[in-house]
Each structure stands twice: as C-alpha cells, then as structure tokens.
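> could you work out the structure for the sequence below:
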Amino acid sequence: MRNLDLLSLCGVTVALLAVLFGQHLEGGEVAALLNGPAILIVVGGSIGATMLQSPLPIFVRAMRMLVWVVRPPRIDPEPQMREIIKWAQVARREGLLGLEGVVDTVRDAYARKGLQLVIDGNDPETIRETLELDSLARERRDLNAARVLDGMGGYAPTLGILGAVMGLIQVMNNLADPALLGEGIAVAFVATVYGVGLANLVLLPAANKLKSLVREQSRLQELVTIGIMSIAAGDNPRVVEARLTGLIV
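Residues are numbered from 1 along each chain as shown. Sure thing, here's the model as predicted:
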C-alpha cells in the first residue's frame, strides 16, 4: 500500500481551517457556509461541464488519478538505479541472455519491456526510440487527464456566479415575503464562495500536483531508458552507475 502524502492532506486542512477561522473572526457562523443548493449547483454543474468537454477515456483516467493527490505512486530513483546496476552486473557476468532469468521478476512494465528488448538483441538506438515512444504516450495521456481538473477548476467559479444569480432571482421573486429573502441571499453568496474556494483551494492545486507527479514519472522512465541502453551497449556496471548517479543528484 502506498504511503499517504501528508503534505497534501495538511495543505487541504490548513486551507479549509483558514477559511473557516476567517469566517469566525469576521463574526460569522461556520454553519452559514453550509448550503445544499449551492453545493449542488457548483459541484454538480462543474462535474457536468467537465464531462461534456472531456473524452470518456480521459475523464475516467482523471478520476482514477485523483487518488494520487493523497496516495501518490512510488517514484524513487535510487532503488531503481540500484536495480539497474544489478541487471548490468548480470549482463556483464552471464551475457545479455542471462537477463532472461531477471526479466520475469521485474514488476515495472516499462523496465520489463526494456529488458526484453535487450534480450531480443535490439541495438541501443532502437531500444531508446521504442521506450521513449512509450514514455511520451503515457506522459501525454496522464497530462491530458490532469488537465481535466484544470477545466473543472475553471468552471467552478463560473458556476458559483450562476448560483449567485439564481439566488438573486429567488430574492427578487420573493420581495413581498421577507421570510424567504434570507435563503435566496444565502444561496447567492455561498455559491460564489464554493465556486472560488473549490477551484483555488482544491481543484487547481490538485491538477498541478498531478502534473508534477506525471513529470517525475517521466524522469524516472528516462533513467530506466538510459540504464537499459547502457546495458545493451555492454557498458561496465561502474559506468552505468556513474551515468545514472548524475541523473538523480
């Protein structure tokens, strides 16, 4: 099980507490920020608009990647580097075909594919082109998925304004009944708070976090590519280690 990202959890908590404590300092009640119709308008409207703009596979991928915000994928170059050096030692000692006993134990599909290309006797340039195409396709797919949250963060403030207008319409329709004015005004202002807050405290930061993780994955795959190319070229394990060390310092 992946470890929780405590920084993300702390960030969301600090942001929400800052808003709620600020409301308290202003003399308002926290309960005043709870409004079901405003939540429905902003959250439901933002999700619906994002579904309209996104192809289904990208939208589904974005929803699956959301968990990365609190449980990011393991991206640790040093263990990966040590594993590549072990592969280089096996290849140096037993030849490239000696990697056949290693490839089935490799959990990462990207590295496993690279090793299989080496075992099949492909030259380093062919291996590089094949792996880089895979890495580029994955990065493009995941960045497009992260941009789904960008789009949702763009729609949320606008839906907040829409909720405000709808609340004001209710106010205008009930001017003769003061008892109903409060609810309409509450929806009007709280919807705006939800829209701006959801976008700037949750959605846009989450999108940027996902983009950062996607780029880190690409850098890790670059390390794997260079290491496997060195093994295919027959480089000494010490040379492989020297090259990879320069990438993670």
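> need the helices for this structure, in chain order.
Residue ranges of the helices in the chain, as given by DSSP state H, are 6-25, 36-39, 45-53, 56-65, 77-94, 100-103, 109-119, 124-173, 178-198, 204-232, 237-248.
> from the contact counts, what lies against the last one?
By that I understand helix 237-248. The helices and strands touching helix 237-248, judged by 3 or more CB pairs under 8 Å, 6 or more residues apart in numbering; DSSP states H and E, are helix 77-94, helix 204-232. In this view, the C-beta of every residue, glycine as well, is placed from N, C-alpha and C.
> among the helices of the chain, which is nearest residue 71?
The minimum distance between residue 71 and the helices of the chain falls on helix 6-25, with 9.3 Å, by CB to CB.
> quick check: residue 45 touching residue 162?
Yes: with contact defined as CB atoms under 8 Å, residue 45 counts as touching residue 162 (6.8 Å).
> circling back: which one of the helices and strands packed on helix 237-248 lies closest to residue 147?
Minimum separation from residue 147 across the helices and strands packed on helix 237-248 (CB to CB) falls at helix 204-232, 6.9 Å.
> the closest one - contacts with which helices or strands?
helix 77-94, helix 109-119, helix 124-173, helix 237-248.
> let me know which of those is the nearest to residue 41.
Closest approach to residue 41 among these (CB to CB): helix 124-173, 4.0 Å.
> average pLDDT across the closest one?
Helix 124-173 carries an average pLDDT of 90.
> got the angle for that helix vs helix 45-53?
130 degrees (axes from the mean of the first three to the mean of the last three CA atoms, to 10 degrees).
> helix 204-232 and helix 124-173, what's the angle between them?
With the same axes, to 10 degrees applied, the angle from helix 124-173 to helix 204-232 works out at 170 degrees.
> what's the neighbour count on the closest residue to residue 203 other than its chain neighbours?
Computed as CB to CB, 6 or more residues apart in numbering, the closest residue to residue 203 that is not its neighbour in sequence is residue 153, at 3.5 Å. Residue 153 sits with 23 neighbouring residues when counted by other CB atoms under 10 Å.
> test my guess that residue 153 contacts residue 204.
Yes: in this structure, residue 153 is within contact of residue 204 by CB under 8 Å, at 4.1 Å.
> how close does the closest residue to residue 244 other than its chain neighbours get to residue 148?
Sequence neighbours aside, residue 81 is the residue nearest to residue 244 in space, at 4.6 Å (criterion: CB to CB, 6+ apart). As judged by CB to CB, to the nearest Å, residue 81 and residue 148 stand 33 Å apart.
> do residue 238 as well
With distances defined as CB to CB, the gap from residue 238 to residue 148 amounts to 45 Å.
> the more surrounded of the two?
When neighbours are counted by other CB under 10 Å, residue 148 comes out ahead of the other of residue 238 and residue 148, with 25 against 12.
> tell me who's in contact with that one.
Residues in contact with residue 148, defined by CB atoms under 8 Å, 6 or more residues apart in numbering, are 50, 54, 58-59, 62, 207.
> for residue 198, same thing?
42-43, 46, 153, 156.
> also residue 247?
Remark: with contacts taken as CB under 8 Å, 6+ apart, residue 247 is in contact with 77, 219, 222-223, 226.
> adding distance to residue 22, write the residues you listed out as a markdown table.
As requested, those are arranged in a markdown table below (distance: CB to CB, whole Å):
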| residue | distance to residue 22 |
| --- | --- |
| 77 | 41 |
| 219 | 38 |
| 222 | 44 |
| 223 | 44 |
| 226 | 49 |
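> which among these count as buried?
For the contacts of residue 247, a neighbour count by 16 or more other CB atoms under 10 Å gives the buried set as 77, 223, 226.
> these into a markdown table, with extra columns for pLDDT and distance to residue 94?
What follows is these, written out as a markdown table (pLDDT from 0 to 100; distance: CB to CB, whole Å):
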| residue | pLDDT | distance to residue 94 |
| --- | --- | --- |
| 77 | 90 | 26 |
| 223 | 94 | 23 |
| 226 | 93 | 22 |
